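Engineer: sequence plus predicted model, see below.
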Amino acid sequence: MNPETWGWKGIFHGFWQSACQEDGRKYIPGRIIRREYHQYDVVVPHYIDENPMLAAACKAGLYRNIRVSGAFAFRTTGGADYPVTGDWVLLDPEEDGLRIHRVLPRQTALSRGAAGDKTEEQVLAANIDTLLLVFALDGGRNFLRTFLERALVVARSAGCGVCIVLNKADLADAETRRNALATAALAAPGSPVVAVSAKTGEGLEELSRYFSAGETLGVLGKSGVGKSALIGALGSVTGAPLAAAPLAGTSLAGTPLAAAPLGGDSAIISSMEELPWGTPEAGLGCTGPLDEEAAPREGAVRESDRKGRHTTTSSRLYRLSSGLLIIDSPGIRELKLWADGDDLAASFSDIASLAEQCRFSDCSHEGEPGCAVQAALASGELDEGRYRSYLQLKREQAWLDRRLDAQALRAEKARWKQIAKFQKSLQKSRR
């Protein structure tokens, strides 16, 4: 498989060459297809037509349980610096043990605020072209406008396109469908909104027409909305079921690998002797069959409130037989903002337009005279629920900005304190 089939873009080539020159290494790029804590599965495509590493073609393969190098870990300043599913990373094939040395600059990054009391970024997936926001029309709390509006701000911050998918349409009546479609269209003007059923196949052909081979999709939604079922259904609609192994195509030795059908035996990657580096015992390479299931597992839904169970425990990148790439992620329980004011304004462009007409430039839209937003509320032009959602997200955004500013101030004080200590020690040594 050539790099483009795994989502490689021309912009990465310059970063790759620069890194090779700076570090004096003959790196080869690979893409993270699975992350489990700090161990990574990396697929290395063929780079027959790429420079400077023409020899990289013979290194193509899937390598499991790869870790970052010690130097990489030393350079990191937080969890967001570590590789995630979808990242393109650089490996050194001349090392005795295969390690990740660099992450190529992310073109997009799907991030949220980390859970708990810490104020830090948690990157869920990288280099996504379009994010599928998946909801379910089976009742319960699987389609909430407030969660949709929050997810749209997160998607805007990621820098990728958005497509809203209303799954389980076969379980909704006509009125529920109409209301959901209208609500989604109002919240995300200009973005595709498609009602589908992963079970019956309804709407899947329409959804698949929005995407093309080599494009990477991300999937975001709560547990129980049918994300894994949707991926499996898209694999069938776009030509054939999911390939059993990401390497369906050519083995390390150059011989064809046949992709097994869903639920069938997985393809053999290579024998021990064919692996160019590493051993499975050392956790550096991959040999033998792929033991994971070919498609994401589907979980049951609790009947009382339509909540689902977490069957996807880690992010994983799948490549459909059509060439479409999809990153499946665990269900979202909490979606904290990790965005700036511009992302919020872009997601609520109707309110931002009204705000430009306010008498005061710093209007909070909560009672000041001459407020165009309040006037639109009074006339019915602006929906009150959307307005309240905007205020909630605006307060959360302001809180995040204050926390980040305080962190930056503490870090700057600590830096200057360290500099002062160094200067004092230097003066003492000169006496």
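Structural biologist: That came in fine, so what should we check first?
Engineer: so which residue is smack in the middle of the chain?
Structural biologist: If you average the C-alpha coordinates of the chain and look for the closest C-alpha using CA atoms, centre = their mean, you land on Ala125, 2.4 Å from that point.
Engineer: pairing partners for the helix or strand where that residue lies, with directions?
Structural biologist: Element membership of Ala125 [criterion: DSSP states H and E] is strand 121-126. Using DSSP bridges, strand 121-126 pairs in its sheet with strand 109-113 (antiparallel).
Engineer: OK, contacts around the residue nearest to the centre of the chain?
Structural biologist: For Ala125, the contact set (CB atoms under 8 Å, 6 or more residues apart in numbering) comprises Val84, Thr85, Gly86, Ala109, Leu110, Gly218, Ser315, Ile327, Ser329. Bear in mind the C-beta positions are built from the backbone N, C-alpha and C, glycine included.
Engineer: just the closest of those residues to Trp6, please.
Structural biologist: Here the nearest of the contacts of Ala125 to Trp6, counting by CB to CB, is Gly86; it sits at 10.3 Å.
Engineer: which residue ranges of the stretch 51-200 of the chain form helices?
Structural biologist: Defined through DSSP state H, counting those that start in this stretch, the helices belonging to the stretch 51-200 of the chain, from first to last, are 70-75, 145-158, 174-187.
Engineer: where does the stretch 101-250 of the chain dip in pLDDT?
Structural biologist: 116, 238-250 (pLDDT under 70).
Engineer: please repeat the previous calculation with a cut-off of 80.
Structural biologist: Screening the stretch 101-250 of the chain residue by residue with the criterion pLDDT under 80, one finds the ranges 114-119, 140-141, 236-250.
Engineer: can you map out the strands along it?
Structural biologist: Listed in chain order, the strands of the stretch 101-250 of the chain (DSSP state E, counting those that start in this stretch) span residues 109-113, 121-126, 130-136, 161-167, 193-195, 216-220, 249-250.
Engineer: Gln392: which of the ones you listed is closest?
Structural biologist: strand 109-113 (14.6 Å).
Engineer: any idea of the angle the closest one forms with helix 145-158?
Structural biologist: For the pair strand 109-113 and helix 145-158, the angle between their directions (axes from the mean of the first three to the mean of the last three CA atoms, to 10 degrees) equals 130 degrees.
Engineer: ok and strand 109-113 relative to strand 216-220, angle-wise?
Structural biologist: Using the same axes, to 10 degrees: strand 109-113 against strand 216-220 is 20 degrees.
Engineer: the domain parsing of this protein - what is it?
Structural biologist: Domain assignment for the chain, taken from automatic domain parsing, gives 3-103, 111-242+295-328, 348-427.
Engineer: can you put these in JSON lines and add distance to Asp340?
Structural biologist: Supplementary listing: the domains of the chain in JSON lines, determined by distance: least, CB to CB, whole Å:
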{"stretch": "domain 3-103", "distance to Asp340": "15"}
{"stretch": "domain 111-242+295-328", "distance to Asp340": "7"}
{"stretch": "domain 348-427", "distance to Asp340": "7"}
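Engineer: please identify the deepest-packed of those domains.
Structural biologist: For the domains of the chain, ranked by mean neighbour count under the definition mean count of other CB atoms under 10 Å, the leader is domain 111-242+295-328 at a mean of 19.
Engineer: gap between the two ends of it?
Structural biologist: 15 Å (CA to CA, to the nearest Å).
Engineer: what do you get for stretch 159-176?
Structural biologist: The first and last residues of stretch 159-176 sit 31 Å apart, counting by CA to CA.
Engineer: just stretch 82-100 next, same as before
Structural biologist: In stretch 82-100, first residue to last residue: 10 Å (CA to CA).
Engineer: before we move on, what about stretch 344-359?
Structural biologist: The separation between the terminal residues of stretch 344-359, taken as CA to CA, is 21 Å.
Engineer: work out the gap between that stretch and the centre of the chain.
Structural biologist: 28 Å (CA atoms, centre = their mean, to the nearest Å).
Engineer: out of the domains of the chain, which is closest to Ala339?
Structural biologist: domain 111-242+295-328 (3.6 Å).
Engineer: residue contacts, Ser429?
Structural biologist: With contacts defined as CB under 8 Å, 6+ apart, Ser429 is in contact with no residue.
Engineer: oh sorry, the question was meant for Leu354
Structural biologist: Applying CB under 8 Å, 6+ apart, the residues contacting Leu354 are Ala372, Val373, Ala376, Leu382.
Engineer: let's verify the third one: helix, strand, or coil?
Structural biologist: In this case it means Ala376. When the structure is split into helix, strand and coil by DSSP: H, G, I helix; E, B strand; the rest coil, Ala376 lands in helix.
Engineer: can I take it that Asp343 is in a helix?
Structural biologist: Yes - secondary structure assignment places Asp343 in a helix (three-state DSSP).
Engineer: quick check, it in contact with Ala158.
Structural biologist: No - taking CB atoms under 8 Å as the contact criterion, Asp343 and Ala158 are not neighbours in contact, 9.1 Å apart.
Engineer: my read: Val225 touches Ala136, true?
Structural biologist: Yes - the criterion here is CB under 8 Å, and Val225 meets it with Ala136 at 4.0 Å.
Engineer: can you check the pLDDT for Pro369?
Structural biologist: The predicted local confidence for Pro369 comes out at a pLDDT of 88.
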